[in-house]
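# Below: sequence and its predicted model.
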Amino acid sequence: MRFGVHTGLQNTSIAELQALWRRIEAHGFEWISIWDHFYAADNTGNPHCLEAVASHAALAAATSTVRCGSLVYSVGYRHPAVIANAMATLDQIANGRVTLGLGGGWMKAEYAAYGIPFPGPGIRLRQVNEAIQCVRRLLTESHTNFAGEFFTMTDAQCEPKPIQARLPIWVGGGGEKVTLRIAAEHADGWNVPFLAPETFAHKNRVLNQHCATVGRDPGTIERAANVGLAMRPGDLEAQFARMAKFVSPGVLQGSIGEIVDRVGAYGEAGADWLILAMRAPFDLDGLDSFAAEVLPQLRDL
């Protein structure tokens, strides 16, 4: 099992994040990611949130060993060509450490604020299905041709290519009929946030079933559980505000022993990665405690 940290971009600054990213890397985590929102991801209407691609570039420039991920870019905000070209350049900044996460988006209020279309989930997921194919081809082929329902490319080029021969693309979300099928067909990794271990295990089995249907080796898809960390009373509410109750099934809480056992349960459920979701006010003491007291007991999972 491998460990990382997902850093929210709300109510913070690049300077604060860079210090946090360096701290995370120094603790020996192997992954740091950012999200893709224009407003705070807590349904409060707070607009204080840094832009994702620029923050992703800052992450790549501020670190040297961690995977630099995104959980996840919304296809509704950027054309696949924009995403592909951005990731190709970002991979140069990161010297081959970028992982691209893609999803269909969920926070309707920020779409509405900017007048960005927010169609139903079926359409958004069809867009994801096409976008991941377009991005993959742009990052690996000299010329890309694609004729879909939403995107069309004619001898399209994306140069220069990423440093990685195959820049990993992850799909985010837990929809069992469509999202997990897209992951089985096209993704290198799958991430889902704030699920209890038993729920993660169920969805992991569904993903394996989709892999069997499409003839994919399930071992070629990395599985990541994105979880919160609340080591003291009130931490959960301070970080997640109105969403605290919603995310609580997927938050590590209690004593060090209880947290170790909970992380172990995610490993038994099929998680290859355990990614801590942090947002301001960043709990540096909790992060330090996790690194010093929890990680050493989990390295062999």
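Received it, and whenever you're ready, just let me know what you need.

# so what's the closest residue in space to Ile275 that isn't next to it in sequence up against?
Residue nearest to Ile275 in three dimensions, not counting chain neighbours: Gly4, with 4.4 Å by C-beta to C-beta, 6 or more residues apart in numbering. To be clear about C-beta, it is placed using only N, CA and C from the backbone, and glycine gets the same treatment. Contact analysis of Gly4 by C-beta atoms under 8 Å, 6 or more residues apart in numbering lists 29-33, 66-67, 69, 224, 273-276.

# give me the low-pLDDT residue ranges for this protein?
Counting by pLDDT under 70, the ranges of the chain that qualify are 300-301.

# mind listing the helices for it?
Using DSSP state H, the helices assigned to the chain run over residues 14-26, 52-62, 80-93, 108-114, 121-140, 179-186, 197-214, 235-240, 244-247, 256-268, 284-289, 295-298.

# Buried residues, the longest one. List them.
Yep, that's helix 121-140 we're talking about. By neighbour count on 16 or more other C-beta atoms under 10 Å, the buried set for helix 121-140 is 124-140.

# Stretch 105-117 too?
105, 107, 110-111.

# Make CSV from the residues you listed and add distance to Arg242 to it.
Shown next, in CSV, are the buried residues of stretch 105-117 (distance: C-beta to C-beta, whole Å):
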residue, distance to Arg242
Gly105, 19
Met107, 12
Glu110, 15
Tyr111, 18
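
# how far does stretch 75-95 sit from the chain's center?
Taking C-alpha atoms, centre = their mean, to the nearest Å, one finds the center of stretch 75-95 at 15 Å from the center of the full chain.

# same question, stretch 148-156
Remark: stretch 148-156 is offset 26 Å from the chain centroid, using C-alpha atoms, centre = their mean.

# Surely Val294 touches Val263?
Yes. Under the criterion of C-beta atoms under 8 Å, Val294 makes contact with Val263 at 7.0 Å.

# which of these two has more neighbours?
It is Val263, of Val294 and Val263, that has more neighbours when counted by other C-beta atoms under 10 Å, with 25 against 21.

# The more buried one is in contact with Gly250, isn't it?
No. Taking C-beta under 8 Å as the definition, Val263 is not a contact partner of Gly250, at 11.8 Å.

# how about Ala187, what does it touch?
Residues near Ala187 by C-beta under 8 Å, 6+ apart: 132, 169-171, 221.

# ignore the last one, Gln164
When contacts are counted by C-beta under 8 Å, 6+ apart, Gln164 touches 91, 96, 98.

# which of those residues lies closest to Arg23?
Closest to Arg23 out of the contacts of Gln164 is Val98 (20.8 Å), distances taken as C-beta to C-beta.

# Give me the phi and psi for the residue nearest the centre of the chain.
By C-alpha atoms, centre = their mean, the mean C-alpha position of the chain lies nearest to Leu71, the distance being 2.0 Å. The phi and psi values for Leu71, taken as degrees, to the nearest 10, are phi -130, psi 90.

# wait, it sits on Phe194?
No. Between Leu71 and Phe194 there is no contact under C-beta under 8 Å: 11.8 Å.

# Give me the common contacts of those two.
By C-beta under 8 Å, 6+ apart, the residues touching both Leu71 and Phe194 are Asn226.

# And Ser70, how far from Gln297?
29 Å (C-beta to C-beta, to the nearest Å).

# if we can go back for a sec, between all of the buried residues of stretch 105-117, which two are at the greatest distance?
Gly105 and Glu110 (8.7 Å).

# residues in contact with stretch 62-70?
So stretch 62-70 is contacted by 4, 6, 18, 21-22, 24-25, 29-36, 52, 56, 59-60, 90, 94-95, 97-101, 170 (C-beta under 8 Å, 6+ apart).

# Which elements pack onto the longest strand seen in the chain?
Assignment by DSSP state E gives strand 222-230 as the longest strand of the chain. Secondary-structure packing of strand 222-230 (3 or more C-beta pairs under 8 Å, 6 or more residues apart in numbering; DSSP states H and E): strand 189-193, helix 197-214, helix 235-240, strand 251-253, strand 273-278, helix 284-289.

# 7 Å instead?
Here strand 222-230 touches strand 189-193, helix 235-240, strand 251-253, strand 273-278, going by 3 or more C-beta pairs under 7 Å, 6 or more residues apart in numbering; DSSP states H and E.
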